[in-house]
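*Asks:* The sequence and its predicted three-dimensional model are supplied below.
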Amino acid sequence: MSKKEVIYDEALVPSYQLPSLLGKGDGSSVASTGEWLSTRRPEILAIYRERVFGKWPHRPQIQWYETLSVREDALDGEAIRKEIRIHLGSAEGKTHSFDMLLYIPKTATPEHPVPVFIGLNFRGNHATTDERDVAMTGFGYEKNQYLNDEARGNSVPRWCFRETIRRGYASATICYHDICPDYNDLSCFRHSVLSILESTEDLSLVHRNYTAIGLWAWGLSRGLDCLESEVLVDSSRCAVHGLSRLGKTSLWAGANDERFKLVISTDSGCGGAALFKRCFGETAEIISTAFPHWFVEAFAQYRGREDLMDFDQHFLLSLIAPRALCVASATEDLWADPRGEFLAAKHAGDAYRLFGLSGIERDDMPAADEWLTGDVSYHLRTGKHDQTPEDWAHYWVLGDRIFQK
Ligand code: GCU
C-alpha cells in the first residue's frame, strides 16, 4: 500500500496474512517453552532490534543515584515523596542524568516493601502531581512548552498518584525528554543519553542502530535499577506503563527487560500494540515520515509495503510472555486502531499458551468498558486518546492479582 487517505473504515482494510508466531522455517511449529526461549524468542527480539527499535545498549559503566529531596508528609501525609537524580556515566568521563519522581505509601516498611508502577511522562514531573513543590523537569527538550507554573498538575488524571498510593503501590515517573528529547529529527540523539554510550557524530550511523523509543525504554530500565536500591519498594514486583508513544516504549521496555512483570500499553497504536498490516489509522509510512527518530533506518523498507513484513505486532507483544500483558484502547482513538490492538493482543496468546497460560480466548472484541482480565488483558475505554482513572482502575486490579496483594 502506498500513502493515500487514512483508512477509518473496516471495509477498506486490505486483506493480509499474519505471520505465524510459532512457525519455523521448515514448516513445523515451536512446541515447547524451551524452544521458544532458546530459539524463537531471540529471533523475534533480533527482528525488532535490527529493523524496528534498534539495539538495546549495554548498562553504563557508571551509574549512581543522588537524592534531591525527600518529603515524609507528601500527599496529605499518605506518602513519602522522593526526587532522585539518576546519574549515568562512561569511563571517559561523559555523563548524563535525569530525575525520577517517586511516591511510596507510608504503610510500606522494609519488611513489607510495596510493588511499584513506573512510567515515563510527556511534560515534566511537575505536571504529573498536584504538589506544587516538585521540581520542574523536562529541560532536555528546549521547546518543552510545559516548563512553567501553569503546567503544574495538568496531567494529574493520567497519573492518579493518590489512588495508586492508597491501593498500596509506589509509583515512579521520569520525563522522557530528559532521556532523549523528542525532536522530530535525528539531532535528538546528540542531546540524549546515547551520547555517553556511543559517538553521535555520524547521525546516519546512529540511525542505523538506535532510536528514541529504544533509548526511552532503556531509560525505564535505569529507573528500575534505581528502584532496586529503595528498601521500601519491592522492585521484583514492578509494572511498566505508558501512553501512546510512551506505550510503544513500555512494550519495548518489557520486551527487553524481564524484570518488568506487568507490561501495560495504553493507546499505543501504530508501532505499539496495533497490527501494521491492517493499515487502519496511522501506518508505517505515516509514522516513520513524521517521526523518523522513532525507528531505525531499516524500517523504511516497510513504508507502504506492510506486505513485506515477516512479523507484525503480535510478535512484539509475545516477547512479554509469560509475564502479564495489558493492552488498552479507547473508543474514539481510531488513529491508534483499537481493533488492531485487540487482534495483536489476541494473537500474542499463542506464546502464552505455550507456558500453560491463557491468552484472549474469544474472537469478538469486548464491549466498551468491559475488562478482559487474564494473562493477556485488554480493555476498550469509552473516550479519547488518553490515560485516565478508568484505565488505572483496570491496572490496579491487574496489579492486585499479579502481585498477590
Ligand atoms: C502521534 C503519533 C502516534 C503517537 C502519538 C502520541 O499521534 O502519530 O503514533 O502514539 O502521537 O504519542 O501522542
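*Replies:* Nice, thanks for sending it over. If you're wondering where the values come from, they're calculated on a predicted model, not measured in any experiment.
*Asks:* residues touching the residue nearest to R132 when sequence neighbours are not counted, list them.
*Replies:* Nearest non-adjacent residue to R132, counting by CB to CB, 6 or more residues apart in numbering: R152, 5.4 Å away. C-betas here are computed from N, CA, C, even on glycine. Going by CB atoms under 8 Å, 6 or more residues apart in numbering, R152 touches 126-127, 130, 132, 134.
*Asks:* Recalculate using a threshold of 10 Å.
*Replies:* 123-124, 126-134, 136, 146 (CB atoms under 10 Å, 6 or more residues apart in numbering).
*Asks:* The ligand contacts on the stretch 201-350 of the chain?
*Replies:* 244-245, 269-270, 282, 287, 335 (CB under 6 Å from any ligand atom).
*Asks:* can you rerun that using 5 Å?
*Replies:* 244-245 (CB under 5 Å from any ligand atom).
*Asks:* Walking through the stretch 201-350 of the chain, point out its helices one by one.
*Replies:* Using DSSP state H, counting those that start in this stretch, the helices of the stretch 201-350 of the chain run over 203-209, 212-227, 245-256, 284-290, 313-318, 338-354.
*Asks:* Run the chain-centre distance for the second one.
*Replies:* Averaging C-alpha coordinates over helix 212-227 and over its chain gives two centres that are 10 Å apart (CA atoms, centre = their mean, to the nearest Å).
*Asks:* go on, the shortest one?
*Replies:* Chain-centre distance of helix 313-318: 13 Å, with CA atoms, centre = their mean.
*Asks:* ok, now the first one?
*Replies:* Relative to its parent chain, helix 203-209 has a centroid offset of 22 Å by CA atoms, centre = their mean.
*Asks:* Who are the packing partners of that helix?
*Replies:* Identification of packing neighbours for helix 203-209 by 3 or more CB pairs under 10 Å, 6 or more residues apart in numbering; DSSP states H and E yields helix 41-51.
*Asks:* And H112, how far from I118?
*Replies:* 20 Å (CB to CB, to the nearest Å).
*Asks:* Start from the N-terminal end of this protein and give the strands.
*Replies:* In the chain, the segments counted as strands under DSSP state E are 62-73, 79-89, 95-105, 114-121, 170-175, 233-243, 260-266, 324-330, 371-372, 376-381.
*Asks:* about what we covered before: now, of the contacts of R152, which are buried?
*Replies:* Burial by neighbour count, judged by 16 or more other CB atoms under 10 Å, picks out 123-124, 126-129, 131, 134, 136, 146 from the contacts of R152.
*Asks:* could those go into JSON lines alongside pLDDT and distance to the ligand?
*Replies:* As requested, the buried ones among the contacts of R152 are exported to JSON lines (pLDDT from 0 to 100; distance: CB to the nearest ligand atom, whole Å):
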{"residue": "R123", "pLDDT": "98", "distance to the ligand": "12"}
{"residue": "G124", "pLDDT": "98", "distance to the ligand": "16"}
{"residue": "H126", "pLDDT": "98", "distance to the ligand": "20"}
{"residue": "A127", "pLDDT": "98", "distance to the ligand": "15"}
{"residue": "T128", "pLDDT": "98", "distance to the ligand": "16"}
{"residue": "T129", "pLDDT": "98", "distance to the ligand": "21"}
{"residue": "E131", "pLDDT": "98", "distance to the ligand": "25"}
{"residue": "V134", "pLDDT": "98", "distance to the ligand": "23"}
{"residue": "M136", "pLDDT": "98", "distance to the ligand": "21"}
{"residue": "Y146", "pLDDT": "98", "distance to the ligand": "14"}
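*Asks:* Perfect, I'm done here.
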